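Q: Build me a model from this:
(one chain, ligands or ions: 1)
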Amino acid sequence: MVRKIQPEPFRIKMVEPVTVPDQAQREDALRKGHFNMFGLTSRDIYIDLLTDSGTGAMSKQQWAALMRGDEAYAGADSFFALKDSVREVLGFEYVIPTHQGRAAENIVFGTLLKKGDIVPFNMPFDTTRAHIFNMGADPVDCVVDDAFDPSSDHPFKGDVDIGKLEDTIRNYGKDRIPLIMVTVTNNSGGGQPVSLGNLRSVSAVAKREGIPFFLDAARMAENAYFIKAREKECAGMSVAQILRAMMDCVDAITVSCKKDPLVNIGGMICCRTEDMYQKLLPRVILYEGFVTYGGLAGRDLEALALGLREMTDEQYLAHRVAQVAYLGDILEEGGVPYVKPAGGHAIFIDAAAFLPHIPQKHYPADVLGIEIYREAAIRGIGLGALAFATEDEKSGEMMLPRLELFRLAINRRTYTNSHIEYVGESVVNVFKRKDSIRYGLKVTYAPPVKGLHHFLAHLEPFDLK
Ligand code: F0G
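A: Numbering: from 1, shown residues only. Purely as a prediction, here's the structure:
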(Lines give C-alpha, C1' and ligand atoms only; values in the text may rest on other atoms or scores of the structure.)
Protein backbone atom coordinates (compact mmCIF):
# COMPACT_ATOMS: atom_id res chain seq x y z
CA MET A 1 0.00 0.00 0.00
CA VAL A 2 1.21 3.52 -0.79
CA ARG A 3 0.93 5.86 2.14
CA LYS A 4 -0.49 9.25 1.22
CA ILE A 5 1.07 12.07 3.21
CA GLN A 6 -0.50 15.50 3.05
CA PRO A 7 1.97 18.10 4.35
CA GLU A 8 0.85 20.34 7.22
CA PRO A 9 -0.69 23.62 5.97
CA PHE A 10 0.82 25.56 8.92
CA ARG A 11 4.15 26.18 10.55
CA ILE A 12 4.86 26.09 14.27
CA LYS A 13 5.27 29.42 16.06
CA MET A 14 5.24 28.40 19.69
CA VAL A 15 6.53 25.13 21.04
CA GLU A 16 4.90 23.15 23.81
CA PRO A 17 7.52 20.76 25.20
CA VAL A 18 6.42 17.21 25.95
CA THR A 19 8.47 14.42 27.47
CA VAL A 20 8.39 10.68 27.12
CA PRO A 21 7.87 9.04 30.53
CA ASP A 22 9.91 5.90 31.14
CA GLN A 23 8.44 2.47 31.79
CA ALA A 24 8.51 2.73 35.58
CA GLN A 25 6.74 6.09 35.45
CA ARG A 26 4.06 4.64 33.17
CA GLU A 27 3.37 1.73 35.53
CA ASP A 28 3.17 4.10 38.47
CA ALA A 29 0.80 6.38 36.54
CA LEU A 30 -1.46 3.46 35.64
CA ARG A 31 -1.68 2.36 39.24
CA LYS A 32 -2.30 5.87 40.59
CA GLY A 33 -4.92 6.45 37.89
CA HIS A 34 -6.79 3.23 38.74
CA PHE A 35 -6.08 1.91 35.23
CA ASN A 36 -8.54 4.44 33.82
CA MET A 37 -7.23 6.68 31.02
CA PHE A 38 -9.07 9.62 32.62
CA GLY A 39 -6.94 9.06 35.71
CA LEU A 40 -3.65 9.77 33.91
CA THR A 41 -2.16 13.25 33.98
CA SER A 42 -0.57 15.25 31.17
CA ARG A 43 2.87 14.66 32.66
CA ASP A 44 2.43 10.92 32.23
CA ILE A 45 1.80 11.20 28.51
CA TYR A 46 3.83 11.73 25.35
CA ILE A 47 1.03 11.89 22.76
CA ASP A 48 -2.43 12.59 24.08
CA LEU A 49 -5.23 11.35 21.83
CA LEU A 50 -7.83 11.04 24.59
CA THR A 51 -10.05 13.51 22.77
CA ASP A 52 -10.15 16.07 19.98
CA SER A 53 -12.21 18.29 22.28
CA GLY A 54 -10.65 21.59 23.29
CA THR A 55 -7.19 20.23 22.55
CA GLY A 56 -6.56 21.93 19.20
CA ALA A 57 -4.20 24.83 18.45
CA MET A 58 -5.68 28.27 17.82
CA SER A 59 -4.48 30.36 14.89
CA LYS A 60 -2.47 33.57 15.28
CA GLN A 61 -5.62 35.46 14.27
CA GLN A 62 -7.54 33.85 17.13
CA TRP A 63 -4.81 34.63 19.65
CA ALA A 64 -4.77 38.24 18.44
CA ALA A 65 -8.57 38.44 18.69
CA LEU A 66 -8.43 37.58 22.42
CA MET A 67 -7.27 41.14 23.03
CA ARG A 68 -10.49 42.46 21.52
CA GLY A 69 -12.58 40.61 24.10
CA ASP A 70 -15.29 42.86 25.53
CA GLU A 71 -16.07 41.67 29.04
CA ALA A 72 -19.35 43.56 29.48
CA TYR A 73 -21.81 41.41 31.43
CA ALA A 74 -24.66 42.04 28.98
CA GLY A 75 -24.59 42.92 25.29
CA ALA A 76 -20.79 42.79 24.83
CA ASP A 77 -19.33 43.61 21.39
CA SER A 78 -17.83 40.11 21.40
CA PHE A 79 -21.31 38.57 21.52
CA PHE A 80 -22.23 40.50 18.38
CA ALA A 81 -19.03 39.34 16.66
CA LEU A 82 -20.18 35.78 17.38
CA LYS A 83 -23.73 36.52 16.22
CA ASP A 84 -22.39 37.88 12.89
CA SER A 85 -20.25 34.77 12.33
CA VAL A 86 -23.14 32.44 13.13
CA ARG A 87 -25.44 34.31 10.75
CA GLU A 88 -22.88 34.36 7.92
CA VAL A 89 -21.40 30.87 8.29
CA LEU A 90 -24.45 28.91 9.49
CA GLY A 91 -27.45 31.10 8.65
CA PHE A 92 -29.11 31.12 12.10
CA GLU A 93 -30.62 34.32 13.46
CA TYR A 94 -30.28 33.44 17.15
CA VAL A 95 -27.28 32.21 19.11
CA ILE A 96 -26.93 31.32 22.78
CA PRO A 97 -23.32 30.85 23.92
CA THR A 98 -22.70 28.13 26.53
CA HIS A 99 -19.55 27.03 28.32
CA GLN A 100 -19.35 23.80 26.30
CA GLY A 101 -21.46 21.35 24.31
CA ARG A 102 -23.07 19.47 27.20
CA ALA A 103 -24.20 22.79 28.66
CA ALA A 104 -26.06 23.42 25.41
CA GLU A 105 -27.57 19.92 25.81
CA ASN A 106 -28.57 20.69 29.39
CA ILE A 107 -30.40 23.83 28.21
CA VAL A 108 -32.15 22.13 25.27
CA PHE A 109 -33.05 18.80 26.91
CA GLY A 110 -33.77 20.40 30.28
CA THR A 111 -36.22 22.78 28.62
CA LEU A 112 -37.85 20.55 26.03
CA LEU A 113 -37.88 17.01 27.53
CA LYS A 114 -39.99 15.49 30.28
CA LYS A 115 -40.02 12.07 31.93
CA GLY A 116 -41.02 9.29 29.54
CA ASP A 117 -40.09 11.21 26.38
CA ILE A 118 -38.14 9.71 23.50
CA VAL A 119 -35.46 11.33 21.33
CA PRO A 120 -34.82 9.56 18.02
CA PHE A 121 -31.16 9.90 17.03
CA ASN A 122 -28.73 8.46 14.59
CA MET A 123 -26.58 7.71 17.66
CA PRO A 124 -25.92 10.09 20.57
CA PHE A 125 -22.51 10.54 22.18
CA ASP A 126 -21.98 9.54 25.82
CA THR A 127 -22.69 12.87 27.52
CA THR A 128 -25.65 13.51 25.24
CA ARG A 129 -27.10 10.11 26.11
CA ALA A 130 -26.49 10.79 29.82
CA HIS A 131 -28.27 14.17 29.61
CA ILE A 132 -31.34 12.54 28.06
CA PHE A 133 -31.35 9.85 30.79
CA ASN A 134 -30.99 12.59 33.36
CA MET A 135 -34.35 14.04 32.26
CA GLY A 136 -36.00 10.62 32.64
CA ALA A 137 -36.18 10.30 28.86
CA ASP A 138 -34.58 7.80 26.46
CA PRO A 139 -32.68 8.14 23.20
CA VAL A 140 -33.53 5.67 20.43
CA ASP A 141 -30.75 4.82 17.96
CA CYS A 142 -32.01 4.87 14.36
CA VAL A 143 -28.63 4.71 12.63
CA VAL A 144 -28.19 2.53 9.51
CA ASP A 145 -27.14 -1.08 10.21
CA ASP A 146 -23.81 -0.54 8.44
CA ALA A 147 -22.76 1.60 11.41
CA PHE A 148 -22.40 -1.61 13.41
CA ASP A 149 -20.15 -3.35 10.91
CA PRO A 150 -16.59 -2.03 11.37
CA SER A 151 -15.48 -3.57 8.08
CA SER A 152 -18.24 -2.07 5.92
CA ASP A 153 -16.95 0.86 3.89
CA HIS A 154 -20.36 2.51 3.46
CA PRO A 155 -19.51 6.19 2.77
CA PHE A 156 -22.15 7.56 5.19
CA LYS A 157 -22.27 5.25 8.19
CA GLY A 158 -23.74 8.08 10.27
CA ASP A 159 -26.95 8.15 8.20
CA VAL A 160 -30.33 7.69 9.81
CA ASP A 161 -32.29 4.65 8.66
CA ILE A 162 -35.50 6.45 7.66
CA GLY A 163 -37.55 3.26 8.14
CA LYS A 164 -36.31 2.95 11.75
CA LEU A 165 -37.07 6.63 12.35
CA GLU A 166 -40.62 6.31 11.04
CA ASP A 167 -41.17 3.13 13.08
CA THR A 168 -39.94 4.89 16.21
CA ILE A 169 -42.35 7.79 15.65
CA ARG A 170 -45.20 5.37 14.98
CA ASN A 171 -44.42 3.12 17.96
CA TYR A 172 -44.00 5.80 20.60
CA GLY A 173 -46.31 8.45 19.15
CA LYS A 174 -45.18 11.94 18.27
CA ASP A 175 -46.56 13.40 21.50
CA ARG A 176 -43.69 11.70 23.32
CA ILE A 177 -41.09 13.01 20.84
CA PRO A 178 -40.25 16.68 21.48
CA LEU A 179 -37.36 16.63 19.01
CA ILE A 180 -35.35 14.52 16.60
CA MET A 181 -31.58 14.87 16.79
CA VAL A 182 -28.79 13.83 14.45
CA THR A 183 -25.11 13.93 15.43
CA VAL A 184 -22.66 15.04 12.73
CA THR A 185 -20.32 13.31 12.43
CA ASN A 186 -21.42 10.19 14.31
CA ASN A 187 -18.79 10.11 17.02
CA SER A 188 -19.95 6.96 18.84
CA GLY A 189 -20.08 5.08 15.56
CA GLY A 190 -16.55 5.94 14.42
CA GLY A 191 -16.60 9.63 13.39
CA GLN A 192 -18.68 8.70 10.36
CA PRO A 193 -20.51 11.33 8.30
CA VAL A 194 -24.17 11.85 7.50
CA SER A 195 -25.04 12.60 3.87
CA LEU A 196 -26.85 15.75 2.79
CA GLY A 197 -29.47 13.58 1.09
CA ASN A 198 -30.12 11.82 4.40
CA LEU A 199 -30.38 15.08 6.36
CA ARG A 200 -32.94 16.25 3.80
CA SER A 201 -34.94 13.04 4.21
CA VAL A 202 -34.95 13.33 8.03
CA SER A 203 -35.99 16.95 7.65
CA ALA A 204 -38.92 15.93 5.44
CA VAL A 205 -40.09 13.40 8.05
CA ALA A 206 -39.70 15.93 10.87
CA LYS A 207 -41.68 18.58 8.93
CA ARG A 208 -44.42 16.12 8.04
CA GLU A 209 -44.79 15.09 11.68
CA GLY A 210 -44.37 18.61 13.05
CA ILE A 211 -41.38 17.60 15.24
CA PRO A 212 -38.45 20.04 15.61
CA PHE A 213 -35.23 18.74 14.04
CA PHE A 214 -31.91 19.46 15.79
CA LEU A 215 -28.32 18.68 14.88
CA ASP A 216 -25.59 17.95 17.37
CA ALA A 217 -23.14 19.79 15.15
CA ALA A 218 -19.80 19.37 16.97
CA ARG A 219 -18.04 18.10 13.83
CA MET A 220 -20.14 19.80 11.17
CA ALA A 221 -17.21 21.03 9.02
CA GLU A 222 -15.62 17.57 8.81
CA ASN A 223 -19.05 16.24 7.89
CA ALA A 224 -19.40 18.84 5.12
CA TYR A 225 -15.94 17.95 3.82
CA PHE A 226 -16.90 14.26 3.59
CA ILE A 227 -20.09 15.21 1.75
CA LYS A 228 -18.05 17.16 -0.80
CA ALA A 229 -15.69 14.21 -1.27
CA ARG A 230 -18.29 11.42 -1.31
CA GLU A 231 -21.71 12.70 -2.37
CA LYS A 232 -21.66 13.12 -6.13
CA GLU A 233 -24.33 15.83 -6.33
CA CYS A 234 -22.27 18.03 -3.99
CA ALA A 235 -18.84 17.72 -5.64
CA GLY A 236 -19.16 21.13 -7.28
CA MET A 237 -20.10 22.94 -4.07
CA SER A 238 -17.65 24.50 -1.61
CA VAL A 239 -17.48 23.11 1.94
CA ALA A 240 -18.96 26.42 3.14
CA GLN A 241 -21.95 26.01 0.81
CA ILE A 242 -22.47 22.41 1.88
CA LEU A 243 -22.36 23.43 5.52
CA ARG A 244 -25.11 25.99 4.86
CA ALA A 245 -27.14 23.36 3.02
CA MET A 246 -26.81 21.03 6.05
CA MET A 247 -27.99 23.81 8.36
CA ASP A 248 -30.92 24.61 6.06
CA CYS A 249 -32.35 21.17 6.92
CA VAL A 250 -32.76 21.87 10.64
CA ASP A 251 -34.56 24.09 13.13
CA ALA A 252 -31.72 24.36 15.61
CA ILE A 253 -28.28 23.02 16.57
CA THR A 254 -26.33 22.36 19.73
CA VAL A 255 -22.57 22.61 19.31
CA SER A 256 -19.53 21.68 21.28
CA CYS A 257 -17.31 24.45 19.89
CA LYS A 258 -14.28 22.62 21.31
CA LYS A 259 -14.27 20.46 18.20
CA ASP A 260 -14.64 21.84 14.66
CA PRO A 261 -15.06 25.50 15.71
CA LEU A 262 -11.44 25.43 16.88
CA VAL A 263 -11.56 26.80 20.40
CA ASN A 264 -10.31 25.38 23.68
CA ILE A 265 -13.58 26.06 25.46
CA GLY A 266 -17.10 26.98 24.37
CA GLY A 267 -20.42 25.76 23.11
CA MET A 268 -23.58 27.21 21.66
CA ILE A 269 -27.18 26.71 20.65
CA CYS A 270 -28.33 28.30 17.38
CA CYS A 271 -31.97 28.51 16.33
CA ARG A 272 -34.21 30.27 13.87
CA THR A 273 -37.25 31.49 15.78
CA GLU A 274 -37.76 34.05 18.51
CA ASP A 275 -40.18 31.60 20.11
CA MET A 276 -37.58 28.81 20.52
CA TYR A 277 -34.94 31.35 21.60
CA GLN A 278 -37.12 32.82 24.35
CA LYS A 279 -38.15 29.38 25.55
CA LEU A 280 -34.50 28.36 26.12
CA LEU A 281 -33.28 31.54 27.82
CA PRO A 282 -34.42 31.05 31.45
CA ARG A 283 -32.36 27.88 31.85
CA VAL A 284 -29.34 29.67 30.36
CA ILE A 285 -29.48 32.19 33.16
CA LEU A 286 -29.90 29.48 35.79
CA TYR A 287 -26.96 27.34 34.65
CA GLU A 288 -24.64 29.38 32.43
CA GLY A 289 -24.83 33.13 32.98
CA PHE A 290 -26.41 36.02 31.16
CA VAL A 291 -27.66 35.11 27.70
CA THR A 292 -25.03 37.11 25.78
CA TYR A 293 -22.03 35.34 27.35
CA GLY A 294 -23.34 31.94 28.53
CA GLY A 295 -20.46 30.95 30.78
CA LEU A 296 -17.70 32.25 28.50
CA ALA A 297 -15.41 35.26 28.74
CA GLY A 298 -15.75 37.94 26.03
CA ARG A 299 -12.34 36.89 24.69
CA ASP A 300 -13.57 33.31 24.29
CA LEU A 301 -16.47 34.61 22.19
CA GLU A 302 -14.00 36.46 19.92
CA ALA A 303 -11.87 33.33 19.40
CA LEU A 304 -15.02 31.37 18.61
CA ALA A 305 -16.31 33.96 16.15
CA LEU A 306 -13.08 33.45 14.17
CA GLY A 307 -12.88 29.68 14.65
CA LEU A 308 -16.29 29.30 13.03
CA ARG A 309 -14.92 31.00 9.93
CA GLU A 310 -11.61 29.12 9.91
CA MET A 311 -13.20 25.68 10.24
CA THR A 312 -14.41 25.63 6.63
CA ASP A 313 -10.93 26.30 5.19
CA GLU A 314 -10.55 23.50 2.67
CA GLN A 315 -6.75 23.21 2.88
CA TYR A 316 -7.01 22.77 6.62
CA LEU A 317 -9.78 20.18 6.28
CA ALA A 318 -7.98 18.30 3.51
CA HIS A 319 -4.91 17.93 5.73
CA ARG A 320 -6.95 17.00 8.77
CA VAL A 321 -8.93 14.26 7.09
CA ALA A 322 -5.82 12.98 5.27
CA GLN A 323 -3.87 12.87 8.55
CA VAL A 324 -6.50 10.68 10.18
CA ALA A 325 -6.61 8.47 7.07
CA TYR A 326 -2.80 8.25 7.15
CA LEU A 327 -2.96 6.75 10.62
CA GLY A 328 -5.55 4.33 9.25
CA ASP A 329 -3.19 3.35 6.41
CA ILE A 330 -0.35 2.58 8.82
CA LEU A 331 -2.68 0.39 10.90
CA GLU A 332 -3.97 -1.28 7.75
CA GLU A 333 -0.41 -2.21 6.74
CA GLY A 334 0.10 -3.75 10.17
CA GLY A 335 -3.17 -5.71 9.99
CA VAL A 336 -4.82 -3.81 12.84
CA PRO A 337 -8.65 -3.93 12.60
CA TYR A 338 -10.34 -0.51 12.74
CA VAL A 339 -13.60 1.07 11.69
CA LYS A 340 -13.58 1.66 7.94
CA PRO A 341 -13.53 4.14 6.37
CA ALA A 342 -11.30 6.25 8.64
CA GLY A 343 -13.34 8.82 10.59
CA GLY A 344 -13.07 12.59 10.42
CA HIS A 345 -11.56 13.20 13.84
CA ALA A 346 -10.29 9.83 14.96
CA ILE A 347 -9.38 6.28 14.22
CA PHE A 348 -11.56 3.80 16.06
CA ILE A 349 -9.79 0.48 16.55
CA ASP A 350 -12.10 -2.53 16.65
CA ALA A 351 -11.04 -3.77 20.08
CA ALA A 352 -13.33 -6.81 19.88
CA ALA A 353 -11.43 -8.00 16.80
CA PHE A 354 -8.02 -6.88 18.16
CA LEU A 355 -8.43 -8.84 21.42
CA PRO A 356 -11.04 -11.49 20.57
CA HIS A 357 -9.94 -13.71 23.47
CA ILE A 358 -11.04 -11.10 26.05
CA PRO A 359 -14.82 -11.28 26.65
CA GLN A 360 -16.57 -7.95 26.12
CA LYS A 361 -17.77 -7.89 29.72
CA HIS A 362 -14.12 -7.69 30.78
CA TYR A 363 -13.60 -4.50 28.77
CA PRO A 364 -11.17 -5.32 25.92
CA ALA A 365 -11.25 -1.72 24.63
CA ASP A 366 -9.94 -0.49 27.97
CA VAL A 367 -7.34 -3.26 28.17
CA LEU A 368 -6.13 -2.09 24.77
CA GLY A 369 -5.88 1.46 26.12
CA ILE A 370 -3.62 0.27 28.93
CA GLU A 371 -1.39 -1.70 26.55
CA ILE A 372 -1.00 1.18 24.05
CA TYR A 373 -0.12 3.47 26.94
CA ARG A 374 2.40 0.93 28.28
CA GLU A 375 3.91 0.57 24.82
CA ALA A 376 4.37 4.20 23.88
CA ALA A 377 2.92 6.63 26.46
CA ILE A 378 0.08 7.36 24.05
CA ARG A 379 -3.38 7.93 25.52
CA GLY A 380 -6.62 7.10 23.73
CA ILE A 381 -10.00 6.09 25.11
CA GLY A 382 -12.13 2.96 25.18
CA LEU A 383 -15.65 3.39 23.80
CA GLY A 384 -17.18 0.01 24.46
CA ALA A 385 -18.82 -1.82 27.33
CA LEU A 386 -17.36 0.42 30.03
CA ALA A 387 -18.82 3.53 28.38
CA PHE A 388 -22.05 2.22 26.94
CA ALA A 389 -23.22 -0.94 28.75
CA THR A 390 -26.56 -0.52 30.48
CA GLU A 391 -28.29 -2.59 33.11
CA ASP A 392 -31.56 -4.30 32.38
CA GLU A 393 -33.95 -2.67 34.84
CA LYS A 394 -35.77 -5.89 35.70
CA SER A 395 -33.06 -8.56 35.70
CA GLY A 396 -30.10 -6.30 36.58
CA GLU A 397 -28.25 -8.01 33.75
CA MET A 398 -25.48 -6.14 31.91
CA MET A 399 -26.61 -5.23 28.38
CA LEU A 400 -23.54 -4.92 26.19
CA PRO A 401 -23.23 -2.43 23.30
CA ARG A 402 -22.83 -3.71 19.75
CA LEU A 403 -19.46 -2.05 19.26
CA GLU A 404 -16.33 -2.37 21.37
CA LEU A 405 -14.05 0.39 20.05
CA PHE A 406 -10.86 2.12 21.13
CA ARG A 407 -10.52 5.68 19.87
CA LEU A 408 -7.39 7.60 18.96
CA ALA A 409 -8.69 11.16 18.52
CA ILE A 410 -6.52 13.52 16.50
CA ASN A 411 -6.18 17.02 17.94
CA ARG A 412 -6.69 19.81 15.42
CA ARG A 413 -3.52 21.52 14.06
CA THR A 414 -1.49 20.04 16.94
CA TYR A 415 0.44 16.92 16.00
CA THR A 416 2.60 16.44 12.91
CA ASN A 417 2.53 13.55 10.48
CA SER A 418 5.67 12.29 12.20
CA HIS A 419 3.77 12.01 15.50
CA ILE A 420 1.10 10.11 13.61
CA GLU A 421 3.70 7.64 12.29
CA TYR A 422 4.93 7.03 15.83
CA VAL A 423 1.36 6.38 16.98
CA GLY A 424 0.62 4.01 14.10
CA GLU A 425 3.82 2.04 14.52
CA SER A 426 3.33 1.76 18.29
CA VAL A 427 -0.18 0.35 17.87
CA VAL A 428 1.14 -2.15 15.31
CA ASN A 429 3.74 -3.24 17.89
CA VAL A 430 0.98 -3.92 20.40
CA PHE A 431 -0.92 -5.84 17.73
CA LYS A 432 2.10 -8.10 17.17
CA ARG A 433 2.03 -9.16 20.82
CA LYS A 434 -1.75 -9.25 21.21
CA ASP A 435 -1.93 -12.96 22.03
CA SER A 436 0.18 -12.42 25.13
CA ILE A 437 -2.33 -9.89 26.51
CA ARG A 438 -4.34 -12.18 28.72
CA TYR A 439 -6.11 -10.16 31.34
CA GLY A 440 -9.46 -8.48 31.80
CA LEU A 441 -10.57 -5.57 33.94
CA LYS A 442 -13.02 -5.40 36.78
CA VAL A 443 -14.69 -2.29 38.11
CA THR A 444 -13.85 -1.68 41.76
CA TYR A 445 -15.68 1.66 41.93
CA ALA A 446 -18.30 3.25 39.70
CA PRO A 447 -20.28 6.45 40.30
CA PRO A 448 -24.00 5.99 40.97
CA VAL A 449 -25.03 7.96 37.89
CA LYS A 450 -26.30 6.25 34.76
CA GLY A 451 -24.11 6.82 31.69
CA LEU A 452 -21.01 8.21 33.44
CA HIS A 453 -19.13 5.06 34.49
CA HIS A 454 -16.14 5.32 32.21
CA PHE A 455 -15.17 8.82 33.33
CA LEU A 456 -14.85 7.98 36.99
CA ALA A 457 -14.53 4.20 37.28
CA HIS A 458 -11.68 2.57 39.16
CA LEU A 459 -10.47 -0.54 37.35
CA GLU A 460 -8.33 -3.47 38.34
CA PRO A 461 -6.70 -6.00 36.02
CA PHE A 462 -7.18 -9.70 36.69
CA ASP A 463 -5.68 -12.69 34.86
CA LEU A 464 -7.90 -14.55 32.42
CA LYS A 465 -7.65 -18.31 32.52
N1 F0G B 1 -21.69 15.95 21.14
C2 F0G B 1 -20.70 15.21 20.61
C3 F0G B 1 -20.91 14.53 19.29
C4 F0G B 1 -19.50 15.09 21.28
O5 F0G B 1 -18.53 14.36 20.74
C6 F0G B 1 -19.34 15.76 22.52
C7 F0G B 1 -18.10 15.66 23.27
C8 F0G B 1 -20.39 16.52 23.02
C9 F0G B 1 -21.55 16.60 22.30
C10 F0G B 1 -20.29 17.26 24.33
O11 F0G B 1 -19.53 18.41 24.19
O12 F0G B 1 -17.51 18.07 25.60
O13 F0G B 1 -18.13 20.32 24.78
O14 F0G B 1 -19.47 19.23 26.52
N15 F0G B 1 -17.21 14.87 22.97
C16 F0G B 1 -15.90 14.78 23.52
C17 F0G B 1 -15.18 13.60 22.94
C18 F0G B 1 -15.72 15.06 24.93
O19 F0G B 1 -14.12 13.25 23.49
O20 F0G B 1 -15.60 13.06 21.93
P21 F0G B 1 -18.60 19.02 25.34
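Q: need the contact list for the residue nearest to residue 145 when sequence neighbours are not counted.
A: Excluding the flanking residues, the one nearest residue 145 by Cβ to Cβ, 6 or more residues apart in numbering is residue 161, at 7.0 Å. Just so you know, the C-beta spots here come from the backbone N, C-alpha and C atoms, and that holds for glycine as well. Contacts for residue 161 (Cβ atoms under 8 Å, 6 or more residues apart in numbering) come out as 142-145.
Q: List only buried entries from the residues you listed.
A: 142-144 (16 or more other Cβ atoms under 10 Å).
Q: Quickly name whichever of these is closest to residue 435.
A: Residue 435 has its nearest neighbour among the buried ones among the contacts of residue 161 in residue 143, at 32.9 Å by Cβ to Cβ.
Q: pLDDT value on the residue in the chain positioned nearest to the ligand, please?
A: Nearest residue of the chain to the ligand: residue 101, at 2.5 Å (Cβ to the nearest ligand atom). At residue 101, the pLDDT value in this model is 97.
Q: Need the pLDDT of the spatially closest residue to it that is not a sequence neighbour.
A: Leaving aside its chain neighbours, residue 101 sits nearest to residue 256 (2.5 Å; criterion: Cβ to Cβ, 6+ apart). Note for residue 256: predicted pLDDT of 98.
Q: need the contact list for residue 256.
A: 53, 100-102, 104, 218, 267.
Q: Now do the same contact list for residue 307.
A: Neighbours of residue 307 in contact, by Cβ under 8 Å, 6+ apart: 58, 62, 257, 261-263.
Q: May I ask which helix or strand encompasses it?
A: helix 298-310 (DSSP states H and E).
Q: Show me what the next helix or strand after that helix packs onto, helices and strands only.
A: Counting by DSSP H and E, the next helix or strand C-terminal to helix 298-310 is helix 314-333. Packing contacts for helix 314-333, counted by 3 or more Cβ pairs under 8 Å, 6 or more residues apart in numbering; DSSP states H and E, involve helix 220-230, strand 346-350, helix 417-432.
Q: Show the average pLDDT along the second one.
A: Looking back up the chat, that one is strand 346-350. Mean predicted confidence for strand 346-350 is 97.
Q: Please enumerate residues in contact with it?
A: 49, 52, 150, 190-191, 324, 327-328, 331, 336-339, 368, 383, 403-410, 427.
Q: circling back: can the helix holding residue 307 be found next to the ligand?
A: No: in terms of Cβ under 6 Å from any ligand atom, no part of helix 298-310 sits within range of the ligand; the closest distance is 12.1 Å.
Q: Kindly report the same for stretch 311-331.
A: No: judged by Cβ under 6 Å from any ligand atom, stretch 311-331 stays clear of the ligand, getting no closer than 13.9 Å.
Q: Which residues belonging to that stretch are considered buried?
A: Those buried within stretch 311-331 under the rule 16+ other Cβ under 10 Å are 311-313, 316-317, 319-331.
Q: and residue 214, that's in a strand?
A: Yes: checked against DSSP: H, G, I helix; E, B strand; the rest coil, residue 214 lies within a strand.
Q: who are the neighbours in contact with it?
A: By Cβ under 8 Å, 6+ apart, the neighbours of residue 214 are 108, 179-182, 250-254.
Q: That one pairs with what?
A: residue 181, residue 252 (DSSP bridges).
Q: still on that earlier bit, and of the buried ones among the contacts of residue 161, the nearest to residue 357?
A: Comparing these against residue 357 with Cβ to Cβ places residue 143 closest, at 28.6 Å.
Q: what residues are up against that closest one?
A: Neighbours of residue 143 in contact, by Cβ under 8 Å, 6+ apart: 121-123, 157-161, 164, 186, 189.
Q: per-residue pLDDT, it?
A: Reported pLDDT at residue 143 in the predicted model: 97.
Q: what number of residues lie near residue 206?
A: As a burial measure, residue 206 scores 24 neighbours (other Cβ atoms under 10 Å).
Q: Quick check: chain neighbours aside, which residue is closest to it?
A: Closest to residue 206 by Cβ to Cβ, 6+ apart is residue 213, at 3.8 Å.
Q: okay, that neighbour: pLDDT?
A: The confidence metric pLDDT takes the value 98 at residue 213.
Q: Tell me which residues touch it, please.
A: 179-182, 202-203, 206-207, 249-251.
Q: and with 7 Å instead?
A: Shown in contact with residue 213 (Cβ atoms under 7 Å, 6 or more residues apart in numbering): 180, 202-203, 206, 249-251.
Q: Equivalent analysis for residue 352, please.
A: Residue 352 makes contacts with 360, 364, 404, as judged by Cβ under 7 Å, 6+ apart.
Q: would JSON lines of those residues with secondary structure be doable?
A: As requested, those are exported to JSON lines (three-state DSSP):
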{"residue": "360", "secondary structure": "helix"}
{"residue": "364", "secondary structure": "helix"}
{"residue": "404", "secondary structure": "coil"}
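Q: Save these as a markdown table, and put in pLDDT, distance to residue 112 and neighbour count too.
A: Formatted as a markdown table, the contacts of residue 352 follow (pLDDT from 0 to 100; distance: Cβ to Cβ, whole Å; neighbours: other Cβ atoms under 10 Å):
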| residue | pLDDT | distance to residue 112 | neighbour count |
| --- | --- | --- | --- |
| 360 | 97 | 34 | 21 |
| 364 | 98 | 37 | 28 |
| 404 | 95 | 32 | 28 |
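Q: Which secondary structure elements does the worst-scoring helix or strand of the chain on mean pLDDT sit against?
A: Within the chain, judged by mean pLDDT, DSSP states H and E, the helix or strand with the poorest mean is strand 390-391; its value is a mean of 84. Using 3 or more Cβ pairs under 7 Å, 6 or more residues apart in numbering; DSSP states H and E, the elements in contact with strand 390-391 are strand 398-399.
Q: Strand partners (parallel or antiparallel) of the next helix or strand after the strand it packs on?
A: Following strand 398-399 in sequence order, the next helix or strand is strand 405-409 (DSSP H and E). In the sheet, strand 405-409 lines up against strand 346-350 (antiparallel), strand 381-383 (antiparallel) (DSSP bridges).
Q: circling back: may I ask which two of the contacts of residue 256 are separated the most?
A: Farthest pair in these, by Cβ to Cβ: 53 and 104, 13.5 Å.
Q: the more surrounded of the two?
A: Between residue 53 and residue 104, counting by other Cβ under 10 Å, residue 104 is the more crowded of the two (33 against 20).
Q: What strand or helix carries the more buried one?
A: Per DSSP H and E: helix 101-112 holds residue 104.
Q: list the helices and strands that helix packs on?
A: With contacts taken as 3+ Cβ pairs under 7 Å, 6+ apart, helix 101-112 sits against strand 94-98, helix 126-134, strand 252-256, strand 267-271, helix 274-287.
Q: now the angle between helix 274-287 and that helix, please.
A: 120 degrees (axes from the mean of the first three to the mean of the last three Cα atoms, to 10 degrees).
Q: Distance to the ligand and secondary structure for the contacts of residue 307 - can I get that in a markdown table?
A: Compiled in a markdown table, these are given as follows (distance: Cβ to the nearest ligand atom, whole Å; DSSP: H, G, I helix; E, B strand; the rest coil):
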| residue | distance to the ligand | secondary structure |
| --- | --- | --- |
| 58 | 16 | coil |
| 62 | 17 | helix |
| 257 | 7 | coil |
| 261 | 10 | coil |
| 262 | 13 | coil |
| 263 | 10 | coil |
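Q: Perfect, that will be all.
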